[in-house]
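**Student:** Give me a model of this one.
(one chain, ligands or ions: 2)
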Amino acid sequence: MYRVLLTGSGGREHALAWKLAQSKRLEKLFIAPGNPGTAAVGENIAVAVNDFEALKKITLEQKINLIVVGPEEPLVNGIVDFFAADKAVSNIPVIGPCRRGAQLEGSKDFAKNFMQRYGIPTARYQTVTAETIAAGEQFLDELPAPYVLKADGLAAGKGVLIIHSRDEAKRQLRNMLQGMFGAASNKVVIEEFLQGIELSAFILTDGKNYKLLPEAKDYKRAGDNDTGLNTGGMGAVSPVPFATPAFLQKVERQIIQPTIAGLQQEGITYKGFLFFGLMNVNGTPCVIEYNVRMGDPETEVVLPRLQSDLLDLFDGVAQQTLDAKACAIAPETAVAVVCVSGGYPGTYGKGYPVTGLEEVKGSIVFHAGTARQQDTLVTAGGRVLAVTSLAESVPAARKKSYDAAAAIHFQDICFRRDIGLDCLN
Ligand code: AMP
Ligand code: GLY
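**Tutor:** Ligands and ions are numbered 1, 2, ... in the order given. Now for the predicted structure:
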């Protein structure tokens, strides 16, 4: 039996906690720091995700025998290496890649180099520093518009600029190299713009074997019909209609398998989730980015479709016996609608009471940015809740999620009305 410590506090972590809580192999679930949603399925502990010493202390005190890392930052900061290096906890499996593996997300330059080394389809690119700015400008001169500039390091999801004029791209390249995203943009990756439809693929791997999880489509812009500012994600759908078996087979053969082989080749032990941000370019999948964790809100549609025991799959990751585990996926469609605070992703109010959750029947409400003030549930972030429904079709799942969202109230509540509309066929 497992005593699990899950780290993180968003909608993704509520979905992970919700799924783990259903496991027959779970004795007790702790979440650090968690949120009011995770508190309903486990015990929250007020420790930050990057406080490795405090996480170690809880691990020993609570006799934890499996750790699951939700967000990327502690992985990039080396939480897996920290636990592996400490005799008191080195025998406890941590689900997530080591620091070097996490560079697939922590450094765009590393990721692009890696893809080039292993022949994984991705956009043409050049990495630029303050010293090589002239070569960067020359590369921009060779590319047609629009121009894609990416901060090399983690920039809280904000480090990508897509720019239509070449002069503006050159100006922003200088700004980035002069600290626009802090140290994260000391290096900038310039990329060719890929035209196509995006989708996300996810695997869980033990370093040798992998399980393909359901694919998902994320809705990143704040407004309907993909207008407005970029956000963390306003909704998600799974499955994605254009991700046919033939397309997914290309993703496995041309992207997933070479990635795992490449990691092995480099001596990187990767035991955890790997998220492939993909562009379908006329039927050819290309990698836009790797993430070394699950997506948010994608997790809120992926895990409700997973019929198998997630903790049993984690056991397979820890023991490197993932090939012997079941990973059954429900055929139903999942639609998640994210209810956000008015003003998000700009400035927004917090502390508004959230009501109506008890009226939601037949949908799952995952908490993202909520808090408890005495006995009242209040808003505490931009993305407040993700409402997920499973149904036999996209319209049926949409209807359930939108009916549920209509029953939920807080001041200035907003959500996109078109989640899943482009997946109707
Ligand atoms: P990222 O932060 O890497 O997810 O990038 C943010 C968004 O920028 C992606 O979801 C894509 O919509 C877009 N994007 C990134 N790279 C490219 C590219 N090479 N071509 C077209 N769009 C891109
Ligand atoms: N929803 C996109 C991400 O989690 O990166």
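**Student:** tell me, how many neighbours does residue 324 end up with?
**Tutor:** Using other Cβ atoms under 10 Å, residue 324 is surrounded by 8 other residues. All C-beta atoms are positioned from the backbone trio N, CA, C, and that covers glycine.
**Student:** can I assume it is in contact with residue 315?
**Tutor:** No: look at residue 324 against residue 315 with Cβ atoms under 8 Å: they stay out of range, at 10.2 Å.
**Student:** Which elements pack onto the helix or strand of the chain with the lowest mean pLDDT?
**Tutor:** Lowest mean confidence among the helices and strands of the chain (mean pLDDT, DSSP states H and E): strand 180-183, at a mean of 86. Where contact means 3 or more Cβ pairs under 8 Å, 6 or more residues apart in numbering; DSSP states H and E, strand 180-183 is not packed against any helix or strand.
**Student:** any idea which helix or strand comes after that strand?
**Tutor:** Tracing the chain C-terminally past strand 180-183 and defining elements by DSSP states H and E, one meets strand 188-191 next.
**Student:** Show me what that next one pairs with in its sheet, parallel or antiparallel.
**Tutor:** Using DSSP bridges, the strands paired with strand 188-191 in its sheet are strand 125-128 (antiparallel), strand 147-151 (antiparallel).
**Student:** mind checking which of those is nearest ligand 1?
**Tutor:** Distance to ligand 1, taken as Cβ to the nearest ligand atom, is lowest for strand 147-151 among the strands paired with strand 188-191, at 4.5 Å.
**Student:** and that closest one with ligand 1, contact?
**Tutor:** Yes: using Cβ under 6 Å from any ligand atom, we find that strand 147-151 touches ligand 1 at residue 148.
**Student:** which residues touch whichever helix or strand comes after that strand?
**Tutor:** Downstream of strand 147-151, the next assigned helix or strand under DSSP H and E is strand 160-163. Strand 160-163 is contacted by residues 145, 146, 147, 148, 149, 150, 151, 169, 172, 176, 193 when judged by Cβ atoms under 8 Å, 6 or more residues apart in numbering.
**Student:** before we move on, what about stretch 128-144?
**Tutor:** By Cβ under 8 Å, 6+ apart, stretch 128-144 touches 124, 126, 147, 166, 169-170, 173-174, 177-178, 186-190, 192-193.
**Student:** Can you give me the first-to-last residue distance of it?
**Tutor:** 18 Å (Cα to Cα, to the nearest Å).
**Student:** which residue does the stretch 301-425 of the chain bring closest to ligand 1?
**Tutor:** Scanning the stretch 301-425 of the chain for the residue nearest ligand 1 gives residue 345, at 13.2 Å (criterion: Cβ to the nearest ligand atom).
**Student:** repeat for the stretch 251-400 of the chain
**Tutor:** Among all residues of the stretch 251-400 of the chain, residue 289 sits closest to ligand 1, at 3.8 Å; criterion: Cβ to the nearest ligand atom.
**Student:** May I ask which helix or strand encompasses the residue nearest the centre of the chain?
**Tutor:** Centroid-nearest residue in the chain, with Cα atoms, centre = their mean: residue 295, separated by 1.9 Å. According to DSSP H and E, residue 295 maps onto no helix or strand at all.
**Student:** For it, report the pLDDT, please.
**Tutor:** Residue 295 is assigned 96 on the pLDDT scale.
**Student:** Equivalent analysis for residue 192, please.
**Tutor:** 95.
**Student:** who's in contact with it?
**Tutor:** If you count contacts by Cβ under 8 Å, 6+ apart, residue 192 has them with 123, 124, 125, 143, 148.
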